[in-house]
Structure formats: structure tokens, C-alpha cells
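# Dropping a prediction and its sequence here:
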Amino acid sequence: MAEELAPSFETLDPHTISEWNCEFTNYKGDSAELSGIITQMSIYESIYNNCMFGNIMIQDGTGYVEANGIVGSGLEKFHFEILTPNTASEKTSNLEKEFKIDSISGGVKNPKFTQYTIGISSPYLFINNQKLISRSFLKMTASEIAEYVGMNIMEFGSNGVWTDFTVSPSLHEKNMVVPNWNPFQLLNFLARNSVSADGASNYLFFENNDGFKFVTVDELKDGDIMRAFTLKNMPMKIGEDGGGFTIDGSMMEKYSEQTRFDISGGQVTGRYGASILTHNILEKSLASYEVEYDGEKDPIMAEGIGLNGPKDSPYADYNVWQRNGFMSANGLYAIHDKGEKSHYPHYDMKKTEMNANTIKFDVPGDSNCWAGDVVMLRIPTHIHSHDVPEDQYMTGKWLVTAIHHKINTAGYTMTIECMKDGFFGDPDKVIEERS
């Protein structure tokens with residue numbers, strides 16, 4: 001790699017700006033640069049996946065795979081690094097990870113070369129699959145258990161592969177026995193059954209370029225805006241540099257809205273209101289715990305779909321008929337304090353809301369942006385009489401849920417998926433009434 005990038009540039013054309021390498025190490029410990037025969041490298045990171053993973057496609061015309069004994073045994077590994085400029089701070093960041101090979105398959109074979117697809121996964125996935133936890137945890141919060149598992153069992157950062165582990169504090173001490181689970185299985189259980197110190201019921205456990213995270217969606221959404229992207233051909237100039245040009249690296253292409261509010265689907269999956277019914281076998285009793293849609297803070301949505309209750313009592317006791325859960329009261333008490341019984345319907349609501357508004361787009365590769373980051377998107381309006389050229393709903397802050405990094409001979413691009421769970425307020429301007 002070059003020691004430094006060009007001091008100035010007019011685009012973020014990944015073919016001319018990004019720098020990357022990929023080092024392969026075989027089972028004997030011998031290393032060699034592999035980028036020369038790579039036709040495409042795909043790396044995936046998502047807040048819904050515990051580990052990063054991907055695949056590498058190579059055209060092997062020299063017998064490299066055979067000579068180095070690449071069989072997908074889990075003993076071979078790749079170490080890659082991608083360096084791109086950060087236009088916001090005029091510094092650079094890098095996407096740097098080490099993966100292990102977990103599969104290899106041969107495709108096209110001709111007299112000149114054989115094309116292989118090599119599957120790669122985070123080395124910590126292999127560590128997780130080789131360990132089981134069978135022990136009790138007494139009077140420990142979920143975050144304390146998560147830290148113990150990460151540091152003492154998974155040994156994040158201590159297995160010769162750098163990584164960080166970020167854990168958000170949680171409420172309520174637990175007494176639980178782990179019945180021979182993998183570490184990730186336990187961490188996912190804790191994420192499903194925990195309330196954060198801030199009262200949030202939406203923990204996630206995932207890996208991005210920054211390391212592993214045991215954090216809440218609320219915490220991610222409250223993060224600082226890391227990058228700003230603009231839909232290509234916007235009717236205005238943004239991101240202007242001192243030279244007076246628009247930086248192409250912030251331009252989105254292939255933009256599409258995947259979903260907006262699916263009202264009927266949301267009603268049956270617990271987006272607007274849900275409850276959990278608990279039973280106590282010894283006392284022969286039932287109890288119900290509800291969470292309702294916050295219609296008072298969003299009256300347009302509540303009134304529009306009839307969730308605001310009877311006219312003489314707006315926003316009261318609507319949609320509480322919906323039963324999304326049924327479980328033992330004793331089991332519930334073992335996980336949460338009695339004041340947190342509405343956690344489960346609340347958790348279901350929050351997870352469903354994450355699919356309320358989703359979009360997808362492509363941008364030039366930017367190793368400064370990771371899954372779990374908050375980005376600012378600027379989307380044009382099609383209201384011709386509008387004095388503000390941006391879409392008042394779609395423009396704004398979005399949470400990056402997934403990134404597909406694609407590196408090939410043409411350069412480095414990313415497909416980004418984002419979500420937001422609602423819109424704030426009414427638009428300042430609406431289409432004038434037609435005569």
C-alpha cells in the first residue's frame with residue numbers, strides 16, 4: 001500500500017483512490033499476497049448478524065489453490081485491509097479484518113484458469129462453535145454476564161485477532177443456569193431478555209469493523225452522524241469543498257425504498273400494540289402485561305389506522321386485545337424485575353418497527369462507514385413548487401443496518417441498507433388543493 005493518499009481529489013472514485021490488499025496464510029503459516037488473482041471480494045456486516053462473513057472469488061491459473069492446500073479446513077486465513085479517504089475530516093480510515101476460510105467451491109474450469117469461490121467467516125465464529133457453557137450465574141446483570149462471556153470465554157481481543165467488545169449497562173440481576181449453550185446462543189438470549197440502564201428493550205449482539213457490540217438499538221440511533229450521502233443528480237450542490245466542486249463520494253446510486261409502513265402487517269405482528277399473557281400453575285392465575293402504540297405523540301398515525309380508542313377517550317386502551325406471547329409467570333420473574341413485565345411485547349414492537357421504513361442504495365466504497373452508524377441522507381422532492389428541494393420525510397437521519405462491501409478490479413463500492421422507525425411531525429409544505 002502507498003504510504004499516503006493524494007492530498008486533494010475531486011471524486012471518491014474507488015478505482016483511483018481506494019487502496020487495498022489481501023494476504024493469505026496457509027495451514028503451515030506461510031503468507032503471500034493474493035490480490036492479484038482476486039476477481040471480487042464481498043464482505044458483509046449487519047446489526048442482525050453475530051459475525052461478519054463473506055466470500056472471495058479468484059481465477060487461479062497457476063495452481064495456487066492446489067499448491068497451497070486450500071481445502072476450507074478452517075486453518076487457512078485471510079487478512080485484508082481497505083483504505084479510503086474520509087472527506088469530512090480529511091483523514092483516512094480503514095476496514096481491516098482477519099477471516100478464516102470455511103468453504104471452497106470450484107466453478108468455471110477452462111484451459112487458462114479455474115474460478116473458485118472461497119467462503120470466509122470471522123475467526124470468532126469458529127471459537128464460538130468450539131465452546132459450550134454449562135454453569136450458573138447468580139446475581140449478575142445481563143451486561144455483567146455478557147462481559148464475562150466476551151472476556152473470559154470468547155476472549156475477545158486475546159486470541160491473536162484484534163477486536164473490541166462494547167457492552168451497554170443493563171438493569172436487574174439475574175439468577176440463571178446456562179444449559180450447555182454456545183457463547184453466541186447465550187449472548188443472543190441475553191439480548192432478547194434484557195432491559196438497558198436507560199430502559200430500552202431492544203438489545204442487539206453483532207460484529208462490525210469496530211468490533212463486537214452488545215448494545216441497544218436506541219443507543220445506536222442516538223449516535224453521532226458519521227457520514228452524509230446525497231441522491232445523485234440532486235437539484236442543488238452540497239458537500240462543497242474549497243475548490244467549489246461537489247464530492248462524488250457522497251453520491252447515492254440505485255436508491256430504492258424497500259418498505260414503508262405496512263399497517264395491516266404491523267397490526268398482526270405487534271408494531272402498534274401487544275401484550276403478553278402469563279400463567280402461574282401453582283396459584284392458578286393469569287396476568288396480562290400490555291404496551292400500546294404511543295398515539296398521543298403521533299396522532300396522525302393513530303387516528304389514521306384507528307388505534308386511538310373510542311372518540312370519548314382518545315389514546316386509551318386501544319389494541320390491547322392482541323396477544324403476542326404466553327409464558328410461565330415464574331419464568332418471567334426469573335428474568336426481570338416485576339416492574340419490567342411489559343418488556344416482551346415492548347421488545348417485539350421495537351424489533352417490528354425496525355422494518356417500518358427501509359431503504360437500500362449504492363455508494364463508492366467508504367471504509368469510514370460501518371453497520372450500526374447513523375448517516376444523514378438527502379433525498380430530492382418532486383413537488384415542483386416547493387421552495388425546499390429535499391423530501392421532507394426521507395431526508396434526515398437513518399441507521400445503517402447492513403453493508404455489503406464489494407471489491408473488484410473495477411474498484412470498491414458498498415451497498416448500504418438503512419432503517420428509521422418513524423417520521424417526526426408533519427411536513428412544512430404539502431401539495432396545494434386541486435381545483
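Everything's here; your move.

# Checking Met151 next. Helix, strand or coil?
helix (DSSP: H, G, I helix; E, B strand; the rest coil).

# Return the distance of the residue lying closest to it once chain neighbours are set aside relative to His172.
Spatial nearest neighbour of Met151, chain neighbours left out: Phe165 (7.1 Å); criterion: Cβ to Cβ, 6 or more residues apart in numbering. C-beta here means a position set from N, CA and C on the backbone, and glycine is covered the same way. Remark: distance between Phe165 and His172 (Cβ to Cβ, to the nearest Å) = 21 Å.

# residues touching Ile47, list them.
Contacts for Ile47 (Cβ atoms under 8 Å, 6 or more residues apart in numbering) come out as 204, 206, 208, 213, 217, 220, 371-372, 401-402.

# Regarding the residue lying closest to it once chain neighbours are set aside, what is its secondary structure?
Once flanking residues are discounted, Ile47 sits nearest to Phe206: 4.8 Å by Cβ to Cβ, 6+ apart. For Phe206, the assignment made with three-state DSSP gives strand.

# ok, and the most crowded of the contacts of Ile47?
Note: the member of the contacts of Ile47 with the most neighbours is Gly372, at 27 neighbours, neighbours being other Cβ atoms under 10 Å.

# That residue: what secondary structure?
coil.

# pretty sure it is in contact with Phe214, am I right?
No - assessed by Cβ atoms under 8 Å, Gly372 is found out of contact with Phe214, at 11.8 Å.

# So for the residue nearest to Ile47, what's the pLDDT?
On pLDDT, Phe206 comes in at 97.

# That one against Tyr44, yeah?
No - here Phe206 lies out of contact with Tyr44, judged by Cβ under 8 Å, at a distance of 11.3 Å.

# Just checking: what are the partner strands of the longest strand along the chain?
Determined from DSSP state E, the single longest strand within the chain is strand 91-109. Strand 91-109 pairs in its sheet with strand 77-86 (antiparallel), strand 114-121 (antiparallel), by DSSP bridges.

# related to what we said a few turns ago, contacting residues for the residue nearest to Ile47?
Contacts for Phe206 were tallied using Cβ under 8 Å, 6+ apart; they are 45-50, 212-213, 371-372.

# Just flag the most distant two among those.
Tyr48 and Phe212 (14.1 Å; Cβ to Cβ).

# Residue nearest the middle of this structure, spatially speaking?
Nearest to the geometric centre of the chain sits Ile47, at 2.4 Å (Cα atoms, centre = their mean).

# who's more crowded, Tyr48 and Phe212?
Phe212 (26 against 12).

# part of a strand, is the more buried one?
Yes - remark: Phe212 belongs to a strand, assigned using three-state DSSP.
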